[in-house]
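Trainee: coords below, sequence missing:
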């Protein structure tokens, strides 16, 4: 996970708009915000995303 993806995840989390485990909603917000990198990451690295949300570990 690179710095840009981490920043995009943290931005979405800071909005408080969704539960971060609601991946389809996170993807919807990422699409709306133009976060193509995050959309790709979520598709290919769901486990790493969940680990980051749970533990903060990249």
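Mentor: Now that the structure is in, tell me what you want to look at. Keep in mind that this is a model prediction, so the values were computed, not measured. Residues are numbered from 1 along each chain as shown.

Trainee: Which of the helices or strands spans residue 26?
Mentor: Per DSSP states H and E: residue 26 is located in helix 23-33.

Trainee: helix or strand right after that helix?
Mentor: Using DSSP H and E, the helix or strand that follows helix 23-33 towards the C-terminus is helix 36-44.

Trainee: circling back to that earlier point, need the contact partners of the helix holding residue 26.
Mentor: Residues from elsewhere that reach helix 23-33, judged by CB atoms under 8 Å, 6 or more residues apart in numbering: 8-9, 11-12, 15, 17-20, 38-39, 42, 46, 49. Placement of C-beta: from N, CA and C, glycine included.

Trainee: For these, which PyMOL command selects only the ones that are buried?
Mentor: To isolate the buried ones among these in PyMOL, judged by 16 or more other CB atoms under 10 Å, type:
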select buried, resi 8+9+12+20+38+39+42+49
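
Trainee: Rank the contacts of helix 23-33 by pLDDT and give me only the lowest.
Mentor: Lowest pLDDT of these: residue 46, 91.

Trainee: how many other residues sit next to the residue nearest to residue 21 when sequence neighbours are not counted?
Mentor: Distances taken as CB to CB, 6 or more residues apart in numbering place residue 53 nearest to residue 21, at 6.7 Å, with adjacent residues excluded. If you count neighbours by other CB atoms under 10 Å, residue 53 ends up with 15.

Trainee: Pull the contacting residues for residue 53.
Mentor: Residue 53 is in contact with 9, 20, 21, counting by CB under 8 Å, 6+ apart.

Trainee: residues of the helix or strand encompassing it that come out buried?
Mentor: Assigned by DSSP H and E, residue 53 belongs to helix 46-55. By neighbour count on 16+ other CB under 10 Å, the buried set for helix 46-55 is 49, 52.

Trainee: circling back: model confidence over the helix holding residue 26, on average?
Mentor: Helix 23-33 shows a mean pLDDT of 97.

Trainee: From residue 45, how far out is the most centrally placed residue in the chain?
Mentor: Note on the chain: the residue nearest the mean C-alpha position is residue 9, at 3.9 Å, using CA atoms, centre = their mean. For residue 9, the distance to residue 45 equals 11 Å [CB to CB, to the nearest Å].
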